[in-house]
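Peer 1: sequence and predicted structure are below.
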Amino acid sequence: MDIIDLSAVPASPNNLESFLDQLCDRLALDYASYAVIAPFSDAVRGYANYPAAWKSHYMQRQLQNVDPILQKAALSIAPVDWSRFERDRSFKTVFYEATDFGISPQGLTVPIRGRFGDRGLLSVSRAGPQREWERLKRNIMPELQMAAVHLHDSVMRMSAPLSSNQQAKLSQREVEVLQWVAAGKQQQDIGDILSISPRTVEVHLRSAREKLGALTTFQAIGRAIALGVIFPV
Amino acid sequence: MIYVVDALNAAEYPELLEDMYRLRARVFHERLGWEVVVKDGMERDCFDDLDPAHVISTDAAGRVVGCMRLLQTTGPHMLADIFAPLLDGEPPLRASTIWEATRFCVDTNVLDRGRARNSISYVTSEVMIGAFEYGMSAGVTDAVAVIDPIMDRVMKRSGNGPYGYLGSPKQMGKVQALAALMDCSPERIARIREFAGIEHDVFSPLPEDVVPAPFAA
């Protein structure tokens, strides 16, 4: 991903908004926002590249208290298309008003759950014909999932109390796979060496990348070396 | 027919959920002898309170005959906790594109052998088609499933064997349990569909209050 790496820069509101901008540019989306709901307190923190007028309207009217994205999407394990929300009063309050500010109600929210009961929500929207939206959705979903977890981990890292044991531990298998990748081996070869299928190798590698907060395997290797988890070869 | 019931639509399916918990009690408590808590004939645990998604299969009479529970591996899930011994003490996989499948079972009391509509292999296939299609639409590409050796054999026979395993099998109650890896891919779904002869859309129509049409009215 040629996108700002939030784990390599301070996760400031500016950087988070740049990340959202770049995400929109790359995936042909109109707007993106990210909100995190803290465990136990239900406090919400949000970042968005919406027009400033809509942001201040949202805050003035305290729409977070009725926004179905926050109230409902966090309950799903799968991305929730906004068309799934009931057309009730809350929906109309938030989405009809958003339309007045030029924000399309055609969108979806990717919910991410953290290990500590924290929940993050990456929302994206895009105006246009529904058929195009359905096609776009199918194409970008895995990438949205990875962007969502990257954002979530970066924001959670900002909150100091959790940061010490925040990072998920790597398994022996993940370390082995990283070590062999660092040594220049291909997935097929690593599978042969470890007597596991190439897809099992890939799954361990993907998990290791996310645990290390890395967007690419290259970054994951660098970080694993820096942490002393694997040896430079 | 497959229903996906999660915290968003649970209120619409109270009976379906109760029937599912009863099926789980019959399978995991009575048949497999796992140490699970059964209350009022229903098996429920703390992970059911964490807003999982349930993939539920019903037969022609509307009875629950199969189910599976899905959770994200980024959040609290069974392999990170209760099932940790299956991983030989190693930390679990953690990725937004990998889901965990647990409590995967079918009703062997009412289902037959063979491959017909009312067979163990048909319902097993239907649950997996539902789960993998749901996963694919969510951008999920892999699942780690806690299964028993019988389920493992049923899947291998139906052209749907896991591509790998994590940790090592452990005795749980009367049977062993294992953590199996499966891809949520069009190829795997096509293999299961071909084996089971399922060509139709397995999902139940959306409830009425869900408006799939674009926002307009």
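Peer 2: Sure thing, it's come through.

Peer 1: give me the mean pLDDT for the helix or strand containing residue B:103.
Peer 2: Using DSSP states H and E, residue B:103 sits in strand B:98-106. What strand B:98-106 shows for mean pLDDT is 96.

Peer 1: mind checking if whichever helix or strand comes after that strand is in reach of chain A?
Peer 2: Next helix or strand after strand B:98-106 toward the C-terminus (DSSP H and E): helix B:120-137. Yes: judged by Cβ under 8 Å from any Cβ of the partner chain, helix B:120-137 and chain A are in contact via B:134-135, B:137. Glycine gets a C-beta too; all of them are placed from N, C-alpha and C.

Peer 1: quick check: residue A:68 vs chain B, distance?
Peer 2: Applying Cβ to the nearest Cβ, to the nearest Å, the value for residue A:68 to chain B is 10 Å.

Peer 1: and the closest residue in space to that residue that isn't next to it in sequence, what does it touch?
Peer 2: Of all residues not flanking residue A:68 in the chain, residue A:85 sits nearest, at 4.6 Å (Cβ to Cβ, 6 or more residues apart in numbering or on different chains). When the contact criterion is Cβ atoms under 8 Å, 6 or more residues apart in numbering or on different chains, the partners of residue A:85 are A:68, A:72, A:91.

Peer 1: residue A:43 now?
Peer 2: Residue A:43 neighbours (Cβ under 8 Å, 6+ apart): residue A:37.

Peer 1: can you give me the helices in chain B?
Peer 2: Secondary structure of chain B by DSSP state H: the helices cover B:14-24, B:120-137, B:149-157, B:186-196.

Peer 1: hmm, I was thinking of chain A
Peer 2: A:13-27, A:52-60, A:68-71, A:89-91, A:97-100, A:130-158, A:160-163, A:172-182, A:187-194, A:198-211, A:217-226.

Peer 1: okay, buried residues for the third one please.
Peer 2: I take that to be helix A:68-71. A:68-70 (16 or more other Cβ atoms under 10 Å in any protein chain shown).

Peer 1: and those residues, which is closest to residue A:96?
Peer 2: residue A:68 (12.3 Å; Cβ to Cβ).

Peer 1: list the contacts for that closest one?
Peer 2: A:82, A:85-86, A:90-91, A:94.

Peer 1: same thing but 6 Å
Peer 2: By Cβ atoms under 6 Å, 6 or more residues apart in numbering or on different chains, the residues touching residue A:68 are A:85, A:90-91.

Peer 1: reformat those as a markdown table; add pLDDT.
Peer 2: Shown next, in a markdown table, are these (pLDDT from 0 to 100):
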| residue | pLDDT |
| --- | --- |
| A:85 | 85 |
| A:90 | 86 |
| A:91 | 87 |
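
Peer 1: only C-alpha atoms, please: export stretch B:65-73 in CSV.
Peer 2: The C-alpha atoms that make up stretch B:65-73 are tabulated as CSV, following Å, rounded to 0.1, in the frame of the first residue of the first chain:
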residue,chain,number,x,y,z
VAL,B,65,-30.4,-28.5,11.7
GLY,B,66,-27.0,-26.8,11.6
CYS,B,67,-25.1,-23.8,12.8
MET,B,68,-21.8,-22.1,13.2
ARG,B,69,-20.6,-19.1,15.2
LEU,B,70,-18.3,-16.5,13.7
LEU,B,71,-16.1,-13.9,15.5
GLN,B,72,-13.3,-11.6,14.4
THR,B,73,-9.8,-12.7,15.3
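
Peer 1: can you give me how far it is from the chain middle?
Peer 2: In terms of Cα atoms, centre = their mean, to the nearest Å, the centre of stretch B:65-73 is set 4 Å apart from its chain centre.

Peer 1: touching that stretch from outside, list them.
Peer 2: A:77, A:113, B:20, B:52-57, B:59, B:77, B:93-94, B:98-104, B:106-107, B:123, B:127, B:131.

Peer 1: of the helices of chain B, flag the one that's most buried.
Peer 2: helix B:120-137 (a mean of 24; mean count of other Cβ atoms under 10 Å in any protein chain shown).

Peer 1: hang on, the earlier thing: tabulate the helices of chain B (TSV), appending distance to residue A:129 and mean pLDDT.
Peer 2: Shown next, in TSV, are those (distance: least, Cβ to Cβ, whole Å; pLDDT from 0 to 100):
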stretch	distance to residue A:129	mean pLDDT
helix B:14-24	35	98
helix B:120-137	19	94
helix B:149-157	40	88
helix B:186-196	25	94
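
Peer 1: what's the neighbour count on residue A:132?
Peer 2: Residue A:132: 13 surrounding residues under other Cβ atoms under 10 Å in any protein chain shown.

Peer 1: just the closest of the residues of helix B:120-137 next to chain A to residue A:220, please.
Peer 2: The nearest one, if we look at these relative to residue A:220 and count by Cβ to Cβ, is residue B:135, at 23.9 Å.

Peer 1: need the residue closest to the centroid of the chain.
Peer 2: If you meant another chain, say so; for now it's chain A. Centroid-nearest residue in chain A: residue A:148, 0.7 Å away (criterion: Cα atoms, centre = their mean).

Peer 1: switch to chain B, please.
Peer 2: residue B:68 (1.9 Å).
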